[in-house]
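Colleague: Turn this into a structure:
(one chain, ligands or ions: 1)
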Amino acid sequence: MPPQAPPEVTLFEVGPRDGLQSRGGMVPAAGKIALIDALSRSGFRRIEATSFVSPRWVPQMADAAEVMAGIVRAPGVRYAALTPNLTGFERALAAGCDEVAVFASASEGFSRANLNCSIEDSFARFAPVLEAARGAGVPVRGYLSMVISCPFDGPTAPGAVAGWTRRLIEAGCYEVSLGDTIGAGTPDTLEPLLAALLDETPPDRLAGHFHDTTGRAAELVELSLERGLRTFDASVAGLGGCPYAPGARGNVDTRSVLEVIEAYGLAHGIDLGKLAEAERIAHELTSI
Ligand SMILES: CC(C)(COP(=O)([O-])OP(=O)([O-])OC[C@H]1O[C@@H](n2cnc3c(N)ncnc32)[C@H](O)[C@@H]1OP(=O)([O-])[O-])[C@@H](O)C(=O)NCCC(=O)NCCSC(=O)C[C@@](C)(O)CC(=O)[O-]
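Modeller: Predicted coordinates for the structure are as follows:
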């Protein structure tokens, strides 16, 4: 096979975490491990493997440590996990995660539903995570949910998203992933949001995290690419949803993001043949 060009766009594969966290049936750890290993073989360099959250809140991720212990760690791949508080960070560190993520909401309603606290209080919980991560040399990603609209609070003001994004970066996150958690976005609503964000934050500190509820996520990736973003979250076979966001559907399918990237003539570094094997496993797991 000819050598692939170095990636110009980074795919952050979130299927094993975002894709499997809200399934009614419990996917066994062995199935999650097989999926992550197939994604590693496909060429992803950033894979969100699991989350170290409360098992009372998200029982589907209770096996986080077992999953991390079982995967084959491919060289050059960063295996990431969500950590909402210091307990989560300590568990993730013990499990050998290469990076962690704190996750905030741009809307108060979802912050309370997902984290059981206000947005401001969630930042207070993240502070010790960021401090401990700095001490341990672990990079921290930030997520911001409901950047377009929230099922509890309605449309989100672009200025508020820009402000919380700045706060995450100032707190020490190397990048902020912009979550259209319920897939409400259209190019018309994303355009003013990106304008507000890019006024204060450079595009290389932002990632697009789109859900494909209305089938328009590919258009949002296109617009983001045109505005300079080069990192996108996506989920193998379009797995996904969020247990605390009514109406959230699957993340944008990884393959459809790759198609957009290719249409723009940009390199992504993923082997589409090997991705098919990961897709087969994803379909098998979701038929459980
Ligand atoms: C933040 C809390 C813990 C607050 O939950 P709480 O109930 O307010 O806090 P607590 O401190 O009282 O903890 C409750 C219980 O969980 C335990 N606990 C506490 N923390 C941990 C931990 N890290 N690991 C393991 N156990 C933990 C703690 O010890 C206690 O155990 P008990 O005494 O009842 O036996 C809870 O609300 C929580 O875990 N929320 C996570 C919800 C979640 O994972 N949602 C999905 C991910 S976000 C998402 O999908 C959106 C995203 C990122 O994809 C972007 C987008 O699309 O927008």
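Colleague: Okay, now the unreliable bits of the stretch 1-150 of the chain?
Modeller: 1-4 (pLDDT under 70).
Colleague: Secondary structure class of the residue of the stretch 51-200 of the chain found nearest the ligand, three-state.
Modeller: Across the stretch 51-200 of the chain, the shortest distance to the ligand (C-beta to the nearest ligand atom) belongs to residue 179, at 2.4 Å. Glycine gets a C-beta too; all of them are placed from N, C-alpha and C. Following DSSP: H, G, I helix; E, B strand; the rest coil, we place residue 179 in the strand state.
Colleague: That one: what's it in contact with?
Modeller: Listed by C-beta atoms under 8 Å, 6 or more residues apart in numbering, the contact set of residue 179 reads 143-147, 209.
Colleague: was I right about residue 30 contacting residue 71?
Modeller: No: Residue 30 lies out of contact with residue 71 (C-beta atoms under 8 Å); the separation is 10.9 Å.
Colleague: can you pull up the bridge partners for residue 13?
Modeller: residue 47, residue 234 (DSSP bridges).
Colleague: That one and residue 149, how far apart?
Modeller: Distance, residue 13 to residue 149, using C-beta to C-beta, to the nearest Å: 25 Å.
Colleague: Who has more neighbours out of these two?
Modeller: Remark: of residue 13 and residue 149, residue 13 carries more neighbours, 30 against 19, as counted by other C-beta atoms under 10 Å.
Colleague: circling back to that earlier point, any chance of the contacts of residue 179 in TSV with secondary structure as columns?
Modeller: As requested, the contacts of residue 179 are arranged in TSV below (three-state DSSP):
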residue	secondary structure
143	strand
144	strand
145	strand
146	coil
147	coil
209	strand
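Colleague: and which of those residues is nearest to residue 198?
Modeller: Within those, proximity to residue 198 (C-beta to C-beta) peaks at residue 147, which comes in at 13.5 Å.
Colleague: who are the neighbours in contact with the closest one?
Modeller: Contacts for residue 147 (C-beta under 8 Å, 6+ apart) come out as 106, 156, 161, 178-181, 185, 193.
Colleague: Residue 180 too?
Modeller: Residue 180 sits next to 147-148, 190, 209-211, 217, 220 when contact means C-beta under 8 Å, 6+ apart.
Colleague: what's the answer for residue 8, then?
Modeller: Applying C-beta under 8 Å, 6+ apart to residue 8 gives the contacts 230, 266-268.
Colleague: Quick one: which of those is the most crowded by neighbours?
Modeller: Among these, the one with the most neighbours (other C-beta under 10 Å) is residue 268, at 21 neighbours.
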